[in-house]
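Visitor: Next comes the sequence, and after it the predicted model I'd like to discuss.
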Amino acid sequence: MPSTTTYYDLTLYNSTTDGSELFSSFRAKLDGIGSDSNMIIIDDALWSIQSQVLLKYNGASFVSSSEGGVNAYTASGITSITSYSNGVGIILVQNVTNTGACTLNINSLGATNLCKIDSTGTIVNVEAGDVIANKLYYFVYYSTKWVLMTDIVPSELASAIHGATSKTTPIDADELVLSDSAATYGLKKLTWANLKTTFGVALGGMINGFTTKTTPVDADGIVISDSASSNATKKLTWANLKATLGTPTGSIVGTTDTQTLTNKRITPRVQSVADAATVTPNADTNDAVDITAIAQAFAINNPSGTPVNFQELTIRIKDDSTPRAITWDAGYVPCGVALPTTTSSSKIMINKFIYNTANALNKWMLVSSVVEV
């Protein structure tokens, strides 16, 4: 069975699903003279549209006005208008954008308010910026007023935007209306994703251009993105930043700066070993090795890591009340003190080494070895 179009009920045939039809019936539906043929329906629709267009603009006079006073526009020499009467149409262009309610006086027939139809269908005075200079507007005279027939004017658009439903969390595909200054202020759209990207770049430029402040005070604020609050923008005061970082009273120590430290304690990094057949210090993470209860002969390997010239390493040894043999790796050498070969029963032994790169030695030199008395 043939189907029809949505708006004008034009007959549609589907050669796959529709049944057979006499050619005469088929032709009558397409271009017959009956009121239900496709061509008659299309013809009637086009005539209706043409009639509406002619009704709107036919006979409209072109009026070019100038501002005689603030928001008071005048035009003369419009020979087609000798009186104001309902239904008279004009195409108006003004030389100055209106700044509020305004009037138009054609051929000295009298100043008449320029009006518009608001969102409720009420005829009201135009508002500031509704009639922009050097643009064409179609007005019709009705009941002592010139009524703007344009569908949307700036103030009505603003009202429509104000009355729209709010969206609190835009997503990247959302769109905003934009007047493109680079395209003669043509209407364009801007996606939320593009706005964020552009704003991020602009914000960076703004920050880079700010005046520098060399000495912050406690009340100064820093902008942060709060990850605990969906990355909302928050303010962090200088006082809170210092409290969080534990601000020292003196200068901050830099990793490559030449500075003198006063009243600072350096806590040694200690590797603790109770008992093991081999002990390997780490020159990158340990300053000392504490062997507390060695119960077997053992070896002390070369330290791992990358030591530097004059780096110090302390190795403290205590056995389990039985002397134990000590074997030192090749990276340890004596320097006025012999490398000990055995522990002292139940006594603490402290061995102090300094790393030496001079003459490509690259060895840990024993400069002190003492035993508890």
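Guide: Thanks, I have it. Numbers count the residues shown, from 1 in each chain.
Visitor: got a list of what G77 touches?
Guide: Contacts of G77 were listed using CB atoms under 8 Å, 6 or more residues apart in numbering, and they are N107. In short, each C-beta sits where N, CA and C put it, glycine included.
Visitor: all helices of the stretch 101-250 of the chain, in order?
Guide: 154-163, 192-209, 238-245 (DSSP state H, counting those that start in this stretch).
Visitor: Going by mean pLDDT, which of those comes out lowest?
Guide: If you rank those by mean pLDDT, helix 154-163 sits at the bottom with a mean of 71.
Visitor: Would you reformat the helices of the stretch 101-250 of the chain as CSV and include distance to I222 and mean neighbour count?
Guide: Output for the helices of the stretch 101-250 of the chain, formatted as CSV (distance: least, CB to CB, whole Å; neighbours: other CB atoms under 10 Å):
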stretch, distance to I222, mean neighbour count
helix 154-163, 34, 12
helix 192-209, 11, 11
helix 238-245, 7, 13
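Visitor: Export these to CSV and append columns for distance to V337.
Guide: Formatted as CSV, the helices of the stretch 101-250 of the chain follow (distance: least, CB to CB, whole Å):
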stretch, distance to V337
helix 154-163, 88
helix 192-209, 60
helix 238-245, 45
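Visitor: R269 is nearest to which of the ones you listed?
Guide: Ranking those by proximity to R269 (CB to CB) places helix 238-245 first, at 22.9 Å.
Visitor: Can you name every helix or strand that that closest one contacts?
Guide: strand 221-226 (3 or more CB pairs under 8 Å, 6 or more residues apart in numbering; DSSP states H and E).
Visitor: Parallel or antiparallel, list what pairs with the strand it packs on.
Guide: Partner strands and pairing direction for strand 221-226 (DSSP bridges) are strand 232-237 (antiparallel).
Visitor: I'd like the distance from the partner strand to the chain centre, please.
Guide: 16 Å (CA atoms, centre = their mean, to the nearest Å).
Visitor: any idea of the angle it forms with helix 238-245?
Guide: Computed by axes from the mean of the first three to the mean of the last three CA atoms, to 10 degrees, the angle separating strand 232-237 from helix 238-245 equals 90 degrees.
Visitor: Please work out the average pLDDT along strand 232-237.
Guide: 90.
Visitor: For the residue lying closest to I222 once chain neighbours are set aside, the count of nearby residues, please.
Guide: Nearest non-adjacent residue to I222, counting by CB to CB, 6 or more residues apart in numbering: L236, 4.8 Å away. Using other CB atoms under 10 Å as the criterion, L236 is surrounded by 14 other residues.
Visitor: Then Y137?
Guide: 21.
Visitor: try W364
Guide: W364 - counted by other CB under 10 Å - has 27 other residues nearby.
Visitor: Please apply the same query to G89.
Guide: If we define neighbours as other CB under 10 Å, then G89 has 18 of them.
Visitor: ok, the nearest residue to it once chain neighbours are set aside to L136 distance?
Guide: Nearest non-adjacent residue to G89, counting by CB to CB, 6+ apart: A60, 3.8 Å away. A60 sits 10 Å away from L136, going by CB to CB, to the nearest Å.
Visitor: Neighbour count for those two, which is higher?
Guide: Between A60 and L136, A60 has the larger neighbour count (other CB under 10 Å), namely 17 against 9.
Visitor: where does that one land on pLDDT?
Guide: So A60 comes in at 80 (pLDDT).
Visitor: my guess is it meets L92, correct?
Guide: No - using CB atoms under 8 Å, A60 is not in contact with L92, being 9.6 Å away.
Visitor: okay, and the common contacts of these two?
Guide: Y138.
Visitor: ok, the helix or strand containing S65: who's next to it in the sheet?
Guide: In this structure, S65 sits in strand 61-69 according to DSSP states H and E. With DSSP bridges as the test, strand 61-69 is paired with strand 72-75 (antiparallel), strand 89-94 (parallel).
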